[in-house]
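# dropping the sequence and predicted coords here.
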Amino acid sequence: MIWPQPLDPLHSLLLSALVAAIPLIVVLILMGGLRKSSLLASACGLAGTIVLALGVWRMPVSLLSWSILFGLAYAVLPILWMVFGGLYLYNLAVATGSFDLLRQWMENHASGDPCIQAMLVAFCFGALLEGTTGFGAPVAVTAFLLVRFGFEPRKAVMLSLLANTAPVAFGGIGVPIIALSGATGLDINKLSAMIGRQLPFLSFILPAYLAWMVAGRKGLRRCWPEALIAGGSFAIVQCLVANLWGPYAADLLSSLVSIVAVVGYRRIVAGSQKSRDTGENKLSAKSVVLAWLPWALLSVVMVFWSYFKLFQTGQILIPIPKLHNGALITLYQKSYAAVYALQPLAAGTGILVSTVLTAACLRAKPKVVLESGARTLQQLKVPGLTVLFIVGLTYLYNYSGMAFTLGAALARAGSIFPLVSSYLGWVACFLSGSDTAANLLFGNLQVAAAHQLHLSPILLAATNSSGAVAGKMISPQNIAVGVTTVGLIGQEGKVLYSTFWHSVLMAVVIGLIACVQAYLFPGLLP
């Protein structure tokens with residue numbers, strides 16, 4: 001027997017939506033207000049969701065149990081599997097000395113300026129990692145690199161989280177947009193083009209924003225040419241690739257062009273300022289190759305993985321017992337599918353392949369390879385539990401109908417809905433830590449609202465993904481993984497506190513861009 005999700009269980013949509021928001025508020029207050037650990041916050045959020053799903057939304061216990069188990073399965077594979085692969089590669093690079101060579105290369109080309117270090121490491125290199133891995137690993141790697149440059153750990157994580165926004169929608173070789181297209185039935189190239197007409201505005205200002213966060217006005221005045229070059233080159237390539245090719249390589253090409261542009265400027269245009277890449281600090285050509293080898297292999301393998309669609313090879317679709325088509329989404333009047341895609345060759349497997357290739361190319365001893373893997377498992381013990389709790393919360397929030405109650409209430413915003421649309425993505429990514437999950441969570445809701453408001457479904461679906469990038473920096477899952485390499489496990493709440501208002505501001509920027517596109521330039525939509 002199918003169970004209909006109650007859209008308005010308290011007979012007042014506003015009141016029902018406020019109650020549905022309680023788990024989100026609990027997580028935000030515990031982490032951002034009381035600065036508690038993400039593990040405690042996510043556990044309390046999940047407990048609150050269970051109580052509300054049973055007591056207010058009257059969800060059958062069997063469906064509740066299976067929805068949480070479905071979320072836990074998704075948390076393990078693909079999320080934690082991908083995070084494990086990314087951190088494993090990083091730990092191997094550290095153990096073999098490759099990462100230290102990369103640090104020297106970055107330091108030489110940044111000329112010791114912390115603003116440029118933040119641009120090159122957190123923004124450019126972080127985008128390269130986001131384009132191939134994602135799920136928090138780029139934050140963990142870039143934060144550690146910044147700490148090695150002398151940044152205070154919390155500041156390093158904050159800068160890495162801020163930078164880990166603009167590339168997120170195209171992360172993991174375009175997986176979030178592929179998921180959005182699958183969930184909504186909208187054309188993938190049109191979605192890519194629309195997002196490629198929103199996020200480049202954010203990409204353009206991010207390097208300057210980072211410089212200002214590092215050293216205030218003085219830093220921005222000192223490094224505005226590098227900020228302009230980094231942001232401008234990244235934004236242009238991101239826009240062109242997203243519109244002309246699609247979502248798959250937008251991050252990879254944008255980040256590589258941005259790195260080359262900034263380094264080229266430092267070498268040629270600013271040649272009068274002596275580079276630190278001289279004397280004993282100068283790296284040989286072999287050292288430069290060793291420095292970039294792990295990340296070059298990672299990029300090549302992931303492009304290969306995407307081009308040949310290896311993710312789906314050997315895929316096994318497993319309908320979740322009782323949950324699959326066991327709930328009716330009353331907002332759409334259709335049954336809710338629940339099929340787990342078991343992918344032996346998921347993105348995490350591709351990353352693991354690049355790790356094995358790296359170990360072979362660097363001639364790492366078996367002991368070093370095993371110790372790096374053991375260190376990775378140790379680092380992920382607490383963050384892994386956080387990811388399990390928060391993704392379990394997300395799936396229960398979705399299958400109980402609470403997500404649709406909140407979304408339906410927000411859809412009543414009318415003409416300002418494009419602004420609200422950004423915050424729907426923001427909320428979903430905060431919950432799940434994933435732009436992909438955010439698109440699966442609210443993608444269809446955005447399309448339904450677009451039809452009700454006579455707006456472009458492509459625009460609102462894309463805005464969901466673009467708005468989600470701002471929620472990434474305050475996601476408990478993302479922060480939990482990000483602090484693993486800098487000794488801040490247990491202090492995730494303090495990190496969230498330092499990034500919260502930046503996140504709110506960026507979501508406003510995305511929402512205002514969507515409003516302008518919806519009402520002033522509708523003819524420019526794909």
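Yep, it's here.
# so where do the strands sit in this protein?
Using DSSP state E, the strands of the chain run over residues 3-4, 316-319, 327-329, 334-335, 339-342.
# among the ones you listed, which is the most enclosed?
strand 327-329 (a mean of 20; mean count of other Cβ atoms under 10 Å). Heads up, the C-betas are built off the backbone N, CA and C, glycines and all.
# of all the strands of the chain, which one comes closest to residue 196?
Across the strands of the chain, residue 196 has its closest neighbour in strand 339-342 (26.9 Å, Cβ to Cβ).
# that closest one pairs with which strands, parallel or anti?
strand 316-319 (antiparallel) (DSSP bridges).
# would you list the strands of the chain in TSV and tack on distance to residue 229?
As requested, these are exported to TSV (distance: least, Cβ to Cβ, whole Å):
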stretch	distance to residue 229
strand 3-4	55
strand 316-319	46
strand 327-329	47
strand 334-335	49
strand 339-342	41
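# redo these as JSON lines? Include distance to residue 428 and mean pLDDT.
Shown next, in JSON lines, are the strands of the chain (distance: least, Cβ to Cβ, whole Å; pLDDT from 0 to 100):
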{"stretch": "strand 3-4", "distance to residue 428": "23", "mean pLDDT": "96"}
{"stretch": "strand 316-319", "distance to residue 428": "24", "mean pLDDT": "95"}
{"stretch": "strand 327-329", "distance to residue 428": "16", "mean pLDDT": "93"}
{"stretch": "strand 334-335", "distance to residue 428": "20", "mean pLDDT": "90"}
{"stretch": "strand 339-342", "distance to residue 428": "20", "mean pLDDT": "91"}
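# those: which one's closest to residue 96?
Residue 96 lies closest, by Cβ to Cβ, to one member of the strands of the chain: strand 339-342, at 32.7 Å.
# name the residues that touch the closest one?
Outside strand 339-342, the residues that touch it by Cβ atoms under 8 Å, 6 or more residues apart in numbering are 70, 73-74, 77, 315-320, 324.
# next one: stretch 408-415 to chain centre, how far?
Relative to the chain's own centre, stretch 408-415 is displaced by 26 Å; criterion: Cα atoms, centre = their mean, to the nearest Å.
# buried sites along it?
Neighbour counts using 16 or more other Cβ atoms under 10 Å place 408-411 of stretch 408-415 among the buried residues.
# let's have those residues in TSV, adding pLDDT and distance to residue 2.
Shown next, in TSV, are these (pLDDT from 0 to 100; distance: Cβ to Cβ, whole Å):
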residue	pLDDT	distance to residue 2
408	82	20
409	85	24
410	77	26
411	76	24
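# one step back: please identify which two of the contacts of strand 339-342 are farthest apart in space.
Across the contacts of strand 339-342, the two lying at the largest distance from each other (Cβ to Cβ) are 77 and 324, at 18.2 Å.
# circling back: go through the buried residues of stretch 408-415 and say which is closest to residue 151.
So of these, ranked by how close each gets to residue 151 (Cβ to Cβ), first place is residue 410, at 37.8 Å.
# contact partners for the residue nearest the centre of the chain?
Residue closest to the average C-alpha location in the chain (Cα atoms, centre = their mean): residue 168, at 4.6 Å. The contact partners of residue 168, taken as Cβ under 8 Å, 6+ apart, are 130, 134, 176, 435, 468-469, 472.
# specify which member of these is nearest to residue 292.
Nearest to residue 292 among these, with distances taken as Cβ to Cβ, is residue 130, at 16.9 Å.
# flag the shaky bits of the stretch 201-350 of the chain, pLDDT-wise.
270-281 (pLDDT under 70).
# for it, just list every one of the helices.
Listed in chain order, the helices of the stretch 201-350 of the chain (DSSP state H, counting those that start in this stretch) span 250-264, 285-307, 347-361.
# wait, residue 390 touches residue 429, no?
No - using Cβ atoms under 8 Å, residue 390 is not in contact with residue 429; the gap is 11.2 Å.
# which one of the two is surrounded by more residues?
Neighbours per residue (other Cβ atoms under 10 Å) separate residue 390 from residue 429, with residue 429 holding more: 35 against 31.
# ok, that one - contacts?
By Cβ under 8 Å, 6+ apart, the neighbours of residue 429 are 435, 437-438, 467-472, 475.
# cool, and residue 20?
Here residue 20 is in contact with 52, 402-403, 405-406 (criterion: Cβ under 8 Å, 6+ apart).
# without its sequence neighbours, what residue ends up closest to it?
residue 402 (4.2 Å; Cβ to Cβ, 6 or more residues apart in numbering).
# so what's in contact with residue 390 and residue 429 at the same time?
residue 475.
# so which of the contacts of residue 168 sit within helices?
Those of the contacts of residue 168 mapping onto helices are 130, 176, 435, 468-469, 472, per DSSP state H.
# and those, which two are the farthest apart?
Between all members of those, the farthest pair (by Cβ to Cβ) comes out as 130 and 468, at 13.1 Å.
# any low-confidence regions in this protein?
32, 133-136, 182-183, 185, 270-281, 432, 441.
# rewinding a little: which single one of the buried residues of stretch 408-415 is nearest to residue 485?
residue 410 (36.5 Å).
# isn't the closest one right up against residue 422?
No - contact criterion Cβ under 8 Å: residue 410 and residue 422 do not qualify, at 10.9 Å.
# follow-up on the earlier one: looking at residue 130 and residue 468, which is more packed in?
Set residue 130 next to residue 468 and count neighbours by other Cβ under 10 Å: residue 468 wins out with 35 against 31.
# the more buried one: what's it in contact with?
168-169, 176, 425-426, 428-429, 435, 438-439.
# hmm, back to that, can I get the contacts of strand 339-342 in a markdown table with distance to residue 306?
As requested, the contacts of strand 339-342 are exported to a markdown table (distance: Cβ to Cβ, whole Å):
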| residue | distance to residue 306 |
| --- | --- |
| 70 | 26 |
| 73 | 23 |
| 74 | 20 |
| 77 | 18 |
| 315 | 15 |
| 316 | 20 |
| 317 | 20 |
| 318 | 24 |
| 319 | 27 |
| 320 | 27 |
| 324 | 28 |
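# and which of the residues you listed is nearest to residue 290?
Nearest member of the contacts of strand 339-342 to residue 290, counting by Cβ to Cβ, is residue 77, at 31.7 Å.
# leaving out chain neighbours, which residue sits closest to that closest one?
Per Cβ to Cβ, 6+ apart, closest to residue 77 is residue 346, 6.1 Å.
# quick one, what contacts that neighbour?
77-78, 81-82, 311.
# quick one: it and residue 352, what's the gap?
Noted for residue 346: a distance of 10 Å to residue 352, by Cβ to Cβ, to the nearest Å.
# residue 491 is in contact with residue 483, isn't it?
Yes - shown here, residue 491 and residue 483 form a contact pair, counting by Cβ under 8 Å, at 6.9 Å.
# so which of those two has more stuff around it?
residue 483 (29 against 19).
# doesn't residue 496 make contact with the more buried one?
No - counting by Cβ under 8 Å, residue 483 does not reach residue 496; the two are 10.6 Å apart.
# may I ask which two of the contacts of residue 468 are separated the most?
In the contacts of residue 468, two members sit farther apart than any others by Cβ to Cβ. They are 176 and 426, at 14.1 Å.
# hmm, back to that, ok, which of the strands of the chain comes nearest residue 86?
strand 339-342 (20.4 Å).
# what residues are up against residue 487?
residue 153.
# and residue 97, how many neighbours?
14.
# if I pick it, what's in contact with it?
The contact partners of residue 97, by Cβ under 8 Å, 6+ apart, come to residue 290.
# gap between it and residue 165?
31 Å.
# may I have the phi/psi pair for residue 167?
phi -80, psi -10 (degrees, to the nearest 10).
# for it, give me its contacts.
126-127, 130-131, 203, 250-251, 254-255.
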